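A.B. asks: sequence-free structure coming up:
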């Protein structure tokens with residue numbers, strides 16, 4: 001490989017690293033990211049190719065949108081589509097789609113914007129990109145706000161907020177709180193002020209002047225709407241001044257309109273008209289749809305207040321024409337919104353179902369591994385009860401075992417705040433739900449435990465929350481091994497929060513109960529084997545034998561031990577076997593020792 005080629009490859013690697021760093025900083029410090037992007041593009045001129053051109057177009061879409069230059073942002077995003085054949089496009093597609101969707105929304109093209117956000121949401125969902133999902137739920141909610149569908153919008157805002165809270169994403173939380181405050185439902189204006197103040201605090205924590213100016217404008221508009229003109233006017237004047245200094249057209253447009261409203265409300269009608277005329281030029285140039293509609297309407301009101309009726313009428317006509325073009329199909333758009341959101345919800349449910357099944361299979365496999373790896377019955381059963389509670393979204397889980405007397409069941413494991421008290425009680429086999437399930441060997445769901453006589457009410461523990469059966473659903477499954485039913489596994493779930501148990505839930509509970517039965521069977525087999533082994537070892541300890549060569553004196557017959565000491569035969573044999581000696585005389589020894597006792601022949 002030539003030196004020139006090596007140098008080009010090294011330069012290309014350096015440029016790509018700079019681009020990665022710049023993209024990573026876009027959402028934190030846009031100015032720093034912009035400097036890195038421009039430096040990377042300058043250095044990359046000698047090795048320029050389609051991939052770098054795609055980077056440039058994606059960056060232009062982002063940069064123009066941040067500055068409020070909507071037609072330029074949309075043009076760059078559309079130009080980037082020509083590079084779909086590149087592997088890099090899959091990585092930058094989120095940037096391209098997001099900027100195209102936001103530009104379309106700001107220009108009043110709500111159907112196109114919603115299509116972009118839907119495609120991007122589903123792409124993020126397939127990739128498991130939770131921040132991307134949350135961001136696009138927020139964007140779709142904004143489209144719903146613009147088309148007047150506030151109830152749907154606020155449901156989407158709350159879903160997005162939950163996702164951002166999961167990750168501790170300050171910027172994401174700031175956007176959602178700000179957007180909720182911008183579009184409060186009737187009667188929520190005071191609550192919206194709290195949302196805006198939360199967003200302002202989050203923007204400052206995230207150290208983002210762009211977000212801070214965005215939220216200050218929202219806060220100023222809310223103060224104006226709630227009659228706090230003395231607070232609103234200076235805040236909006238300062239916000240517009242700072243936004244102009246930064247040439248932040250995206251934030252400037254709504255801030256300018258709010259300032260004009262505040263000036264009109266304070267009686268400074270001529271000043272309000274001057275601000276609106278300047279704002280109208282910028283809005284028309286950038287084709288900001290919703291703001292253009294609002295600006296023409298506001299100019300008509302101000303001109304009417306000044307007595308310039310022909311000009312006011314002309315502005316009102318422009319307002320109505322533009323409103324018809326951009327916002328006229330509100331009801332049809334609401335239907336499209338609902339259709340799109342229904343499709344998204346279906347995709348989401350399917351993805352969540354697949355993920356849940358994968359988690360359940362992994363949990364069952366993990367329990368199987370635990371059963372194989374551990375013979376500690378209590379530990380394994382505790383893990384099974386915990387997994388059952390988590391997977392089936394239950395509040396409490398109890399595992400009961402049939403007792404040796406054949407008339408009772410007793411809780412071996414209890415997980416949850418309401419059921420710990422059951423550990424201290426024996427329940428009748430034929431008069432309790434746990435016993436009835438054990439006897440039946442089956443599984444069932446009890447939707448109305450308050451009406452089931454098998455649900456026994458036990459005394460509440462001091463300091464524990466009262467257990468109210470009507471607020472719960474119960475699912476139960478028997479623990480069945482090769483020899484029959486040995487116990488039962490019961491779950492309690494809150495009716496309002498988690499909903500009813502499904503047939504799939506009952507099948508999963510049955511599978512977990514089956515694994516619990518296997519764990520119990522294995523533990524009992526181990527105990528039996530341990531007892532048998534102990535008995536065998538005890539028996540073996542009683543057996544002592546003599547093996548090998550035994551050194552014995554040829555004359556006195558004493559035996560030498562391993563340490564070199566000599567012992568009497570009787571003592572040695574007694575010490576090394578279980579034999580005991582009884583002493584007597586054989587006939588030959590009697591004749592030799594006691595001849596007088598021997599009868600003559």
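C.D. replies: Okay, I see it. Keep in mind it's a predicted model, so treat the numbers as computed, not measured.

A.B. asks: all strands of the chain, in order?
C.D. replies: Per DSSP state E, the chain carries strands over the ranges 396-402, 408-415, 426-428, 443-446, 472-481, 484-494, 559-560, 566-567.

A.B. asks: got a list of what the closest residue to residue 304 other than its chain neighbours touches?
C.D. replies: In this structure, residue 304 finds its nearest non-sequential neighbour in residue 312, 4.2 Å apart by C-beta to C-beta, 6 or more residues apart in numbering. For the C-beta atoms, the positions are set from N, CA and C on the backbone; glycine is no exception. Contacts for residue 312 (C-beta atoms under 8 Å, 6 or more residues apart in numbering) come out as 299-301, 303-304.

A.B. asks: which residues sit in contact with the nearest residue to residue 403 once chain neighbours are set aside?
C.D. replies: Residue nearest to residue 403 in three dimensions, not counting chain neighbours: residue 410, with 5.6 Å by C-beta to C-beta, 6+ apart. By C-beta under 8 Å, 6+ apart, the contact list for residue 410 reads 400-401, 403, 425-427.

A.B. asks: If we use 7 Å, what do you get?
C.D. replies: 400-401, 403, 426 (C-beta atoms under 7 Å, 6 or more residues apart in numbering).

A.B. asks: just residue 261 next, same as before
C.D. replies: Taking C-beta under 7 Å, 6+ apart, we find residue 261 in contact with 224, 298.

A.B. asks: Got the domain ranges for this protein?
C.D. replies: 375-528, 544-601 (automatic domain parsing).

A.B. asks: could you redo the ones you listed as CSV and give each row distance to residue 231 and mean pLDDT?
C.D. replies: Putting the domains of the chain into CSV (distance: least, C-beta to C-beta, whole Å; pLDDT from 0 to 100) gives the following:
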stretch, distance to residue 231, mean pLDDT
domain 375-528, 40, 79
domain 544-601, 101, 75
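
A.B. asks: okay, the ones you listed, which one's buried deepest?
C.D. replies: Comparing the domains of the chain by mean neighbour count (mean count of other C-beta atoms under 10 Å), domain 375-528 comes out on top with a mean of 18.

A.B. asks: what's the spacing between that domain and its chain's center?
C.D. replies: Here the centre of domain 375-528 is set off from its chain's centre by 27 Å, with C-alpha atoms, centre = their mean, to the nearest Å.

A.B. asks: can I get the domains of the chain in CSV with distance to residue 212?
C.D. replies: As requested, the domains of the chain are exported to CSV (distance: least, C-beta to C-beta, whole Å):
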stretch, distance to residue 212
domain 375-528, 37
domain 544-601, 91
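
A.B. asks: Which among the strands of the chain is found nearest to residue 203?
C.D. replies: Set against residue 203 and scored by C-beta to C-beta, the strands of the chain come closest in strand 484-494, at 36.8 Å.

A.B. asks: just to revisit the earlier point, ok, now how distant is the residue nearest to residue 304 from residue 594?
C.D. replies: 156 Å (C-beta to C-beta, to the nearest Å).

A.B. asks: Give me the below-cutoff pLDDT ranges for the stretch 251-400 of the chain.
C.D. replies: Scanning the stretch 251-400 of the chain for pLDDT under 70 picks out 289, 325-364, 367-368, 370-375.

A.B. asks: quick one, helices of it?
C.D. replies: Secondary structure of the stretch 251-400 of the chain (DSSP state H, counting those that start in this stretch): helices at 269-286, 289-305, 309-327, 330-373, 377-391.

A.B. asks: again with the stretch 501-601 of the chain
C.D. replies: Going by DSSP H, counting those that start in this stretch, the stretch 501-601 of the chain shows helices at 503-541, 569-576, 587-593.

A.B. asks: With distance to residue 265 added, can I get those in TSV?
C.D. replies: As requested, those are exported to TSV (distance: least, C-beta to C-beta, whole Å):
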stretch	distance to residue 265
helix 503-541	58
helix 569-576	114
helix 587-593	138
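
A.B. asks: what residue is smack in the middle of this structure?
C.D. replies: By C-alpha atoms, centre = their mean, the chain has its centre lying nearest to residue 166, at 6.9 Å.

A.B. asks: unless I'm mixing things up, residue 288 is touching residue 252, no?
C.D. replies: No - contact criterion C-beta atoms under 7 Å: residue 288 and residue 252 do not qualify, at 10.0 Å.

A.B. asks: Ok, which of the helices of the stretch 501-601 of the chain comes nearest residue 193?
C.D. replies: Using C-beta to C-beta, the helices of the stretch 501-601 of the chain put helix 503-541 closest to residue 193, at 43.2 Å.

A.B. asks: and the angle for that closest one with strand 484-494?
C.D. replies: Helix 503-541 and strand 484-494 are oriented at 140 degrees to each other (axes from the mean of the first three to the mean of the last three C-alpha atoms, to 10 degrees).

A.B. asks: same for helix 503-541, what does it pack against?
C.D. replies: On a contact count with 3 or more C-beta pairs under 7 Å, 6 or more residues apart in numbering; DSSP states H and E, helix 503-541 meets helix 330-373, helix 377-391, strand 443-446, strand 472-481, strand 484-494.

A.B. asks: Centre of the chain to it, how far?
C.D. replies: Relative to its parent chain, helix 503-541 has a centroid offset of 35 Å by C-alpha atoms, centre = their mean.

A.B. asks: got the angle between it and strand 472-481?
C.D. replies: With the same axes, to 10 degrees as the basis, helix 503-541 and strand 472-481 are set at 40 degrees to each other.

A.B. asks: Can you get me a residue count around residue 101?
C.D. replies: 29 (other C-beta atoms under 10 Å).

A.B. asks: Against residue 319, how distant is the residue nearest to residue 304?
C.D. replies: From residue 312 across to residue 319, the span is 10 Å (C-beta to C-beta).
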